[in-house]
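Participant: Sequence and predicted structure below; questions after.
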Amino acid sequence: MGFGNIKSKDGQKQLNDFLADRSYIEGYVPSQADVVVFEAMSGAPSADLCHALRWFNHMSSYKKPEMQSWPGVKQPLGNYGPKGGAPAAAGDDDDDDDDDDIDLFGSDDEAETAAAEKLKEERLAAYAAKKSKKPALIAKSMIILDVKPWDDETDMAEVEKSVRSIATDGLVWGTSKLVPLAYGIKKLQISCVVEDDKVGTDFLEESITAFEDYVQSVDVAAFNKI
């Protein structure tokens, strides 16, 4: 049932297929289901598993204490995935489940008594408290950049080191690789996850091209909301 060996290539392909039309393992906000699957992995999926890699990089952008505050209760890995039980109906998420657990007004008979009125007030207070504790969703994007050097003699290790030295709130660098262009020249292709309200492509391009001894130009190869 659910995901098998998530460390294996087959297990990660299953995860990739599962995330093809999903942002998270369950619902529309990160939850303990994402934590269980993320902690079961031994490292980032390969680049050909783009959906699993997008999700993995997104999870990597969070710190462990922050992840522990996410909603939900951890279950065994086998309870998650395409065979981990009946899927939630479209549009359902943790918010809906929480709302359904609370009977705001009770039965008609109870409403006629003072005890029922007190119970209703307590439930309304509990409902408001639960809503106030839910974390706000932060809009993020995964960006893949192509960084082109001046020639084949440019030290690409220094290029990557320079790019990764760019640090600001809301920016997390991800995986990278060298991609052949022509005449022995290779470009650096590097991914990052950014908080949309804090980091934009203009900032990234200007910061990288500032290393003018190494960098000729920067292009956005991919831009995906997560």
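Facilitator: Received, thanks. Numbering: from 1, shown residues only.
Participant: can you give me the helices for the protein?
Facilitator: Applying DSSP state H to the chain gives helices spanning 9-18, 32-40, 50-60, 64-68, 94-100, 108-111, 114-132, 156-164, 201-209.
Participant: For Lys187, find the nearest of those.
Facilitator: Among those, helix 156-164 comes nearest to Lys187, with 8.6 Å by Cβ to Cβ. The C-beta positions use only the backbone N, C-alpha and C, and glycine is treated the same way.
Participant: Might you list the low-confidence residue ranges for the chain?
Facilitator: Counting by pLDDT under 70, the chain contains low-confidence residues at 1, 83-112, 134-136.
Participant: ok, the spatially closest residue to Ile25 that is not a sequence neighbour - how many residues close by?
Facilitator: Distances taken as Cβ to Cβ, 6 or more residues apart in numbering place Ala33 nearest to Ile25, at 4.0 Å, with adjacent residues excluded. For Ala33, the neighbour count with other Cβ atoms under 10 Å is 24.
Participant: how about Ala33, what does it touch?
Facilitator: 24-26, 72, 75, 80 (Cβ atoms under 8 Å, 6 or more residues apart in numbering).
Participant: now Asn224
Facilitator: Contacts of Asn224 (Cβ under 8 Å, 6+ apart): 54, 141-143.
Participant: Show me what it bridges to in the sheet.
Facilitator: Bridge pairing for Asn224 (DSSP bridges) gives the partners Met142.
Participant: And it, how far from Ser207?
Facilitator: Asn224 sits 21 Å away from Ser207, going by Cβ to Cβ, to the nearest Å.
Participant: Arg164 now?
Facilitator: 11 Å.
Participant: which one of those two has more residues nearby?
Facilitator: Ser207 (18 against 12).
Participant: Name the nearest residue to the more buried one, ignoring sequence neighbours.
Facilitator: The spatial neighbour of Ser207 that comes closest, neighbours along the chain excluded (Cβ to Cβ, 6+ apart), is Ile166 at 4.8 Å.
Participant: was I right about Val159 contacting Pro149?
Facilitator: Yes - Val159 is in contact with Pro149 according to Cβ atoms under 8 Å; the separation is 5.9 Å.
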